[in-house]
Structures are given as structure tokens and as C-alpha cells.
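Peer 1: Need a 3D model of the sequence below.
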Amino acid sequence: MATPKVERLLNLVICLLSTRQFVTADYIRRNVKGYNDDGQSDEAFNRMFERDKTELRDLGIPLITGRERLSGGADGYRIERDSYELPEITLDRPEAAVVAMAAALWDAPEISAISQNALLKLQAAGIDVRAEDEIGFSAATSARSLGSESGLAAVLSAIGSSQAVTFTYRPGAASTSATRTLEPWGVVTHRGRWYVVGHDRDRAATRTFRLSRISDVATTGAPGDVSVPEGTDIQQIVTAAVESAAGSDGRIATIWVAADRAAGLRRLAARTEPRTFADEPGDVLEIEIRSLPTLARLVLGAGPDAVVLTPPELRDTVVAALDRMVEVTV
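Peer 2: Modelled structure (predicted):
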């Protein structure tokens, strides 16, 4: 069965983006799904490949040609990542707030799918749709652990009017629900989950609540009663609370990353040391392992720009995942 054209073109783009070297047409035919379908003649492959190259260039994808050194200087191809990626685009604070709120509050199924699609495209274009410093809100790329959207709307409304809220909170499946009163400072996301942060009047302390565990949200007191302490970093409060609860398995991973790449891994690093790897400039990161599968996914997401040095368990997990990917694409 022939591979659909769109899938074939996407496979080709992924292949050419993932390599630092030029790859030949013969390599592409052997390794990229869609170019090695059964019964395809050399002439049919050449015609298809020429059409696909032209189509990619017509779409504005910077496909470049050069000499592949390992096979006697044959013509090879790759996509220049820096030219392929869109430049940084920014929204001002009111614009970011509107986009973030719209993506969260559109609850009709057909509109929700469209809004999440639009949000992903904006983020892929480098647009920051967060608006913490405008209304204390941060958008997520998915609705996982969002909870009640009506509850989210009520919390956001209270934040906008600087008003306290009461709600029913259940810390866990086996826990007893309790009514809490909170002076909300903002809503942010961390690892796909949504949290509201503020001053808990019942505990007389700063507290973080997962939105999926609250219900029956209602405002209390007068508008303007709530103020956010100066210098408050809501995202950092959530990160510290979640990671403190999660704990660590006690191991440290060392991962080499290419220069100016793998931003997600760099944000987790406790220590960074410049180091060249395979003649490529970069840095070795020391990262505390809280979840080995999660860290492995981040390494895989960085592609060839990240290499696990230690521990062996993490390296083996990444290699096994890459082997499975190869089996699927060949």
C-alpha cells in the first residue's frame, strides 16, 4: 500500500531536519517511509523525489544541497534549521491575555479543538501567549487536568476583580473534601496541570491548589480586597510546591546539549559546564532525576541536540525508544 503524500513529505522534512550532515537520495530511499514502498522502480522514485523537493521549496522550506562526505562526495540534502524556524514573535500583555483566556474558556467541543490548534500554532511560531503580569493567567497546550471550565472562569473573574473566592477542595481521591477561602493571585500551568496560587485565609499562608480538584467556586468579599505581594513569582511558587511534593529519586543525570539548543533541558539544569562533543560546541548539564521516563522524553524531543552521558539507565531508555522509532519508520 502506497504511503499518503502528506505523510511522505512530513517524513522527509523530519529526516532532513534531524541531520547535521547532507543525506543522499539513496539514503532517503532506504530509510524514509514513503520512498521505499514495494515495487517502486528507480525511475518512479526519481520522479517522486524531484517533485517532492520542488514542493518543499515552493512551500518555503529551506531545502539545501551539498556534498555528502562519507559516500565519495555524492549530492546530499538537508534543511537548515535556523532558516526553517520562524523568527521570534511577541504579543503585548493585553493581546496575550485575550489569546490565553479565549483558548481556556471556549468550551464547545468544535470550538475547543480549533482554539487548541490555534494556540499550538502560535506557540510554534514563538508567540508567548502567557499573561501572568497582566491577569495572572498562563495558557497550556492541552486541557489535561483542567477540571471544570466554569470553575476556571470563576477563578479568573475573581483574579480580574481582585476578589477572594471560596471553593470545595479535595486533595486526593481518598481525601475528604473541605471548604477553603483563597485570595487568588494567578493561574498557571506546570507539566500539563493547572494551578491557582494565592493566600489561603484558612491556613494564613501561601498555597497552591490544582484546578481539577476544586469545585463550587464562588466569590466572597468586595472587589479590590486582594492584592498580590510585590515581587511574587507565581510560576516559581507552583514549581517549588509540585517538585517538593514529587521528590527526587536521588540520581543526577549528565546530558550534553548543543550550543543554544534544548531549552527545555537547560531550564532543568542545576549546573552547566561548556564542553565539546564529537567536534560540536555545547554544554554538559547536570539534572536531578525526578522521573526517568519524563526526562527521557525531553531528551528524545531535543533530537540530535542532546546526548545522555549518565546514568546508563537513562541512556538505555533513550536508545530503546530510538530503536522503536527506527523500526516504525523503516
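Peer 1: Stretch 182-196 - what's its average pLDDT?
Peer 2: Stretch 182-196 shows a mean pLDDT of 84.
Peer 1: Count the residues that sit near N11.
Peer 2: Using other Cβ atoms under 10 Å, the number of residues around N11 comes to 18. Bear in mind the C-beta positions are built from the backbone N, C-alpha and C, glycine included.
Peer 1: typo on my end, it should be S41
Peer 2: S41 - counted by other Cβ under 10 Å - has 8 other residues nearby.
Peer 1: do P229 as well
Peer 2: Neighbours of P229 (other Cβ under 10 Å): 8.
Peer 1: now do S162
Peer 2: 17.
Peer 1: The spatially closest residue to it that is not a sequence neighbour and R203, how far apart?
Peer 2: Leaving aside its sequence neighbours, S162 sits nearest to V226 (Cβ to Cβ, 6 or more residues apart in numbering; 4.4 Å). Distance, V226 to R203, using Cβ to Cβ, to the nearest Å: 16 Å.
Peer 1: do V155 as well
Peer 2: For V155, the distance to R203 - Cβ to Cβ - is 18 Å.
Peer 1: More neighbours: those two, which one.
Peer 2: Shown here are V155 and R203; by other Cβ under 10 Å, V155 has more neighbours (28 against 11).
Peer 1: how about that one, what does it touch?
Peer 2: With contact taken as Cβ atoms under 8 Å, 6 or more residues apart in numbering, V155 is in contact with 165, 184, 187, 196, 211, 217.
Peer 1: Can I take it that it is in a helix?
Peer 2: Yes - applying DSSP: H, G, I helix; E, B strand; the rest coil, one finds V155 inside a helix.
Peer 1: Any chance of the backbone angles for V165?
Peer 2: V165 has phi and psi values of phi -130, psi 150 when expressed as degrees, to the nearest 10.
Peer 1: wait, isn't D305 in contact with D260?
Peer 2: No - between D305 and D260 there is no contact under Cβ atoms under 8 Å: 9.2 Å.
Peer 1: quick one, which of these two is more surrounded?
Peer 2: Neighbours per residue, other Cβ under 10 Å: of D305 and D260, the larger number sits with D305, 21 against 12.
Peer 1: Might you list the low-confidence residue ranges for the chain?
Peer 2: 1, 69-73, 86-149, 172-175, 191-192, 243-250, 328-330 (pLDDT under 70).
Peer 1: Can you dump the C-alpha atoms of the strand ranked longest in it in PDB for me?
Peer 2: Assignment by DSSP state E gives strand 178-190 as the longest strand of the chain. Backbone C-alpha positions of strand 178-190 (Å, rounded to 0.1, in the frame of the first residue of the first chain) are rendered in PDB as follows:
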ATOM      1  CA  ALA A 178     -13.100  20.800  52.600                       C
ATOM      2  CA  THR A 179     -14.200  24.400  52.000                       C
ATOM      3  CA  ARG A 180     -11.300  26.800  51.500                       C
ATOM      4  CA  THR A 181     -11.100  30.600  51.200                       C
ATOM      5  CA  LEU A 182      -8.400  31.900  49.000                       C
ATOM      6  CA  GLU A 183      -7.100  35.300  47.900                       C
ATOM      7  CA  PRO A 184      -6.100  34.300  44.300                       C
ATOM      8  CA  TRP A 185      -3.000  35.800  42.700                       C
ATOM      9  CA  GLY A 186      -3.000  33.900  39.400                       C
ATOM     10  CA  VAL A 187      -3.500  30.700  37.400                       C
ATOM     11  CA  VAL A 188      -0.500  29.000  35.800                       C
ATOM     12  CA  THR A 189       0.300  25.600  34.400                       C
ATOM     13  CA  HIS A 190       3.100  23.200  35.300                       C
END
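Peer 1: how far out from the middle of the chain is it?
Peer 2: 24 Å (Cα atoms, centre = their mean, to the nearest Å).
Peer 1: Report the buried residues of it.
Peer 2: 180-190 (16 or more other Cβ atoms under 10 Å).
Peer 1: domain ranges for the chain?
Peer 2: 5-84, 93-246, 252-329 (automatic domain parsing).
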